[in-house]
Structures are given as structure tokens and as C-alpha cells.
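Novice: Here is my input; please provide its structure:
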Amino acid sequence: MCVESTPPPSARLTRRGVLAGAAALAGTTAALSATAPQTSATPGRARPVDGTRGGDLVIEGGTLLDPATGEVTEDAVVVIAGGVVRAAGARGRTRVPEGVETLDAHGRWVLPGLVEAHIHLNTAAEARDAVLKGATTARSGSTNFYQDIAVRELARQVPDAAPRLRAAGVFVTPDLGDTVLADPDLTPLARLHDGVRSPEALRRVVEINLARGADTIKTRVNERAGLPEQDPLTQVYDREQLSAVVAAARRGGKGVLCHSYSEKGCHDAVMAGVRSVEHGTYIGEHTLHEMLRRGTYFTPTLTAIAGLAESADPVLAERGRTYLPVLKRAVLAAHELGVPLAAGTDSSGGEVDPIGREVELMRAAGLPGLDAIRTATTGAAKLLGLERHAGRLAPGFAGDAVLVDGDPLADVTVLKSPVRVVRSGIDVRSSD
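Specialist: Reported below is the predicted structural model:
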């Protein structure tokens, strides 16, 4: 079959049908029908970058941490209007508007909402759980049937129901499996005897993702660690194939995140121009230096690897026990060299791990507390292209916050259990 001879991805009518199916699978249609937005942006006020309908809220009395500077402000006030931070600072220097709902933060620390750089959100329920556990912004690691694109649209309409999301659409992988059922433009690829491997086939899957509205592209260079029958050090795409994926994504103005484990696989991915290396257990110093030179991010997903060690499957458990210390050393080496790090749990299959767990493991790998926090705030926000909108509580940034009991600089584990979460100026727990 010649993929090049197929017509371009179908126009808007097909896209609407495909995404309507994705919304039904994700349960976002029902969530939208059942939940009306609490508030909407006041006319004349700027909305966040994604056009989210935000609320008005004042968070007062807590200890405010700015991850960008490390500055700590006691008895702080954060003023959110239309889902956007208008002021943040010490009470005496921050004007508090009258008649606005107030969230009492006395005795607690206030941080920007956390940024989850690698998560698989297949349903509205998973998306809501991620928010309640502190992830107010996220990047998808792909879904089988475009459910993440549906979740992204839910987040724009009902922000307390889902994180602000960068969607990846479907996985660019040799064997699409049942994913070919997601889209009539994908079904011709099922006839390829060798799977999605030729430059034309790789480009085709990327183009279809872009046509469906993906914000980023997810591909792989190695097999999976979470399947005992696969060898995560076996390479499935070479540098030339990865370069084809990157080139197609760049033509659409998008970056690529790449599932990687072996040193050669990681190096090929970096040299092909991916935006971020995911997992990267056996990444070596030579590749880290190249990542530093190129500004390539490292998203190690320590949470997922640690989870393998707890598996009931003996192969996976041994894999997790072997990989975790190796990956921690790689994370510390990357940090000491200056390679940018981003926190991601790789949560999937209906189980959502708190992004605070990934911060905890970053700290356990040897990062100082503030730097570990930055991997889930300013660092991850920059990876997502949201460094002016997420990761801080400063004027002009999204009105997302987490409140925690205890000093996260002294004990980052408090981030695993936020006592309150604010998403785009909406107190999430009070909206139940």
C-alpha cells in the first residue's frame, strides 16, 4: 500500500464526528451536560491562554512560595479575577477587592497549581482526580481514541473538572492496534504489513493527529517497560524514522515527546530533535550533554518506574527494582549538568498518582527541595510552552493554586496531599 496516494486527512465534518466519539468514550459529554461553569470571565478582562472560563477568588493569610525566585511571603494575599491572577504579595501591599469570595489559607502554604508533564487521561473521572491531587495543568502522553482532546475541551468549559491540557492524540507507534478504529483516516494503515514504519506512514499518523487538534506528538524509540513480554531496551524506531516524525510535527508547529529507555534510543531521539525524552532510564552522559546543548527536556517518570517495583508480576517487579536506582542517578546527573527536568507520573489505566509523588522522588534522587518543586511548576510549564501562564502565582498567570499543610521546602511530601486546590479561580473542593 502506498500511503502517499491516500487523500489528506478529512475536513471538519469528519473531525467533528471523530472527536464526538472521543468525548463519548471519555465521558466528557456527560460531564459537560451535568456541570455548568460556576463563573465566567468578566467582560473586558483577559482570559488565560486557553480561553478558560474562570472565577473570582481571593486566597488570603497563607505563606506564599514563588518557585521562580524562591521568595517566601508570609500572610500573603492572592487576588484572582476572571481566572487570572491580578495581584499577589504581602497583605499590607496588596489591595483586596470587596465582595469577592475568600479562601482562608491561614496556617497553610500556598503554591501555584502543579504541572504534570506526562499523564494519560482517558476519562472525565481521571481528569477530575488529577485536579484534586494538585495537577491543574498537564501534558498528555497520548490516548488510544483521542480522549485527551475531549478532556482538553472539557477543561476549557469546566476548569474545575480537568487540568489545562496539552493533548497528544494517538500514539505514533509501529503497531496501532485498535487505535485504527478511532478514525476513518487511520484505517488504511491497518493494511501495512510492516506497520507504521515508512516515512510516509509516520508522516501520515502525525498529520492526522494535527488535523484532529493535537497540541503535541507522542512517539517511541523503545519497547515498553510495563509489559513483561517486551524488552524496554529493544529499539523499534531508528534515528531516521524519528526524524520523520519530528519533521512532520514541526511542519505543524508542534514538538515531540519520545518514550525512551536505552542509551542508544535516547541518543537517537535527541539527535532527531525531540522536545523531551520520557523515562530515559539508561540515558548516558554523552546524551545528556547533547540535551543541554539543544535544550531538550528530560521527563523521567520516576513514579511509574517505582510503581513497577511494587508489581505482582515478578518480571516487572525486578525491572522496577533494577531501573529505579539507575534512573535516580540519571536524574541527578541531568540536574547537576543543567539539563531541564519536568515532573510526570505517567499515570494510566484509571489510576492517577499525585504529581506530588514525582516531586518527592525528584527530591529523593538528590535535587534540592526548591529545584524538585520547580520540576512540577516553572520547569514543566516551560516545557509545555506555558511559562508565562502556569507555574507561578504572579500577575497575569492563571489563577491555579494548591494549599498544603506544612513547609514544602522542608518536606516536599506535603505536595502529595493538597488540602485545597484552586483551578482558574475556582475552589475545586467547594464546587463538589
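Novice: Next SSE downstream of the helix or strand harbouring V315?
Specialist: Element membership of V315 [criterion: DSSP states H and E] is helix 314-337. On the C-terminal side of helix 314-337, the nearest following helix or strand under DSSP H and E is helix 355-364.
Novice: Can I get the helix holding V315 in CSV? Just the C-alpha atoms.
Specialist: Taking only C-alpha atoms (Å, rounded to 0.1, in the frame of the first residue of the first chain), the coordinates of helix 314-337 have been written out as CSV:
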residue,chain,number,x,y,z
PRO,A,314,7.9,-10.9,39.2
VAL,A,315,9.4,-9.7,35.9
LEU,A,316,8.0,-6.2,36.3
ALA,A,317,8.9,-6.1,40.0
GLU,A,318,12.5,-7.0,39.2
ARG,A,319,12.6,-4.5,36.4
GLY,A,320,11.4,-1.7,38.7
ARG,A,321,13.9,-2.6,41.4
THR,A,322,16.7,-2.6,38.9
TYR,A,323,15.7,0.5,37.0
LEU,A,324,14.8,2.9,39.8
PRO,A,325,18.2,3.5,41.3
VAL,A,326,19.7,3.8,37.8
LEU,A,327,17.1,6.4,36.8
LYS,A,328,17.6,8.3,40.0
ARG,A,329,21.3,8.6,39.2
ALA,A,330,20.5,9.8,35.7
VAL,A,331,18.1,12.4,37.1
LEU,A,332,20.8,13.8,39.5
ALA,A,333,23.4,13.8,36.7
ALA,A,334,21.0,15.7,34.4
HIS,A,335,20.2,18.2,37.2
GLU,A,336,23.9,18.8,38.0
LEU,A,337,24.7,19.3,34.4
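Novice: Torsion angles phi and psi at the residue nearest the centre of the chain?
Specialist: To find the centre residue of the chain, average its C-alpha atoms and take the closest one (CA atoms, centre = their mean): that gives R139, at 2.4 Å. Comment: the main-chain dihedrals of R139 come out as phi -120, psi 130, following degrees, to the nearest 10.
Novice: Quick check: closest non-adjacent residue to it.
Specialist: The shortest distance from R139 to any residue other than its chain neighbours is 4.3 Å, reached at R166 (CB to CB, 6 or more residues apart in numbering). (Glycine included, C-beta is placed from N, CA and C.)
Novice: isn't the one you found right up against A138?
Specialist: Yes: the pair R166 / A138 is scored as a contact, 7.2 Å apart, by CB atoms under 8 Å.
Novice: So for these two, which residue has more residues nearby?
Specialist: Neighbours were counted for R166 and for A138 using other CB atoms under 10 Å; A138 has more, 33 against 23.
Novice: ok, then the element right after the helix or strand hosting that one?
Specialist: With the criterion set as DSSP H and E, the secondary-structure element containing A138 is strand 135-140. With elements assigned by DSSP H and E, the helix or strand that comes after strand 135-140 is helix 147-157.
Novice: Need the residues that contact that next one.
Specialist: With contact meaning CB atoms under 8 Å, 6 or more residues apart in numbering, helix 147-157 is reached by 19, 22-23, 25-26, 28-29, 31-32, 37, 50-53, 120-124, 127, 140, 142, 161-169, 212-215.
Novice: Tell me the first helix or strand C-terminal of it.
Specialist: Where DSSP H and E defines the elements, the next helix or strand beyond helix 147-157 is strand 164-166.
Novice: on that earlier part again, just the ones in helices from the contacts of helix 147-157, please.
Specialist: Mapping the contacts of helix 147-157 onto helices (DSSP state H) picks out L19, A22, A23, L25, A26, T28, T29, A31, L32, A124, A127.
Novice: got those as a markdown table, with pLDDT, neighbour count and distance to G396 columns?
Specialist: Supplementary listing: these in a markdown table, determined by pLDDT from 0 to 100; neighbours: other CB atoms under 10 Å; distance: CB to CB, whole Å:
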| residue | pLDDT | neighbour count | distance to G396 |
| --- | --- | --- | --- |
| L19 | 83 | 20 | 31 |
| A22 | 89 | 28 | 32 |
| A23 | 90 | 22 | 31 |
| L25 | 86 | 18 | 36 |
| A26 | 89 | 28 | 31 |
| T28 | 85 | 27 | 29 |
| T29 | 78 | 17 | 33 |
| A31 | 72 | 22 | 29 |
| L32 | 74 | 18 | 28 |
| A124 | 97 | 26 | 29 |
| A127 | 98 | 31 | 25 |
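Novice: Next up, the contacts around A20.
Specialist: With contact taken as CB under 8 Å, 6+ apart, A20 is in contact with T29.
Novice: Over to S424?
Specialist: With contacts defined as CB under 8 Å, 6+ apart, S424 is in contact with 48, 52-55, 83, 136, 159-160, 164, 398-400.
Novice: in this protein, which ranges drop under the pLDDT threshold?
Specialist: 1-6, 10-14, 33-52, 430-432 (pLDDT under 70).
Novice: you'd agree R392 is up against I373?
Specialist: No: between R392 and I373 there is no contact, the gap being 11.5 Å when judged by CB under 8 Å.
Novice: between those two, who's got more neighbours?
Specialist: Neighbour totals were compared for R392 and I373, and I373 leads with 28 against 24 (other CB under 10 Å).
Novice: isn't V18 right up against L181?
Specialist: No: look at V18 against L181 with CB under 8 Å: they stay out of range, at 10.8 Å.
Novice: So those two - more neighbours on which side?
Specialist: V18 (24 against 14).
Novice: gap between the more buried one and R139?
Specialist: With distances taken as CB to CB, to the nearest Å, V18 is found 21 Å from R139.
Novice: Same question for Y323.
Specialist: According to CB to CB, Y323 stands 22 Å off from R139.
Novice: Also V414?
Specialist: Look at V414 and R139: by CB to CB, they are 24 Å apart.
Novice: what's the answer for H106, then?
Specialist: The gap separating H106 from R139 is 34 Å, by CB to CB.
Novice: L132 too?
Specialist: In this structure, L132 and R139 are separated by 19 Å, where distance is defined by CB to CB.
Novice: This completes my enquiry, with thanks.
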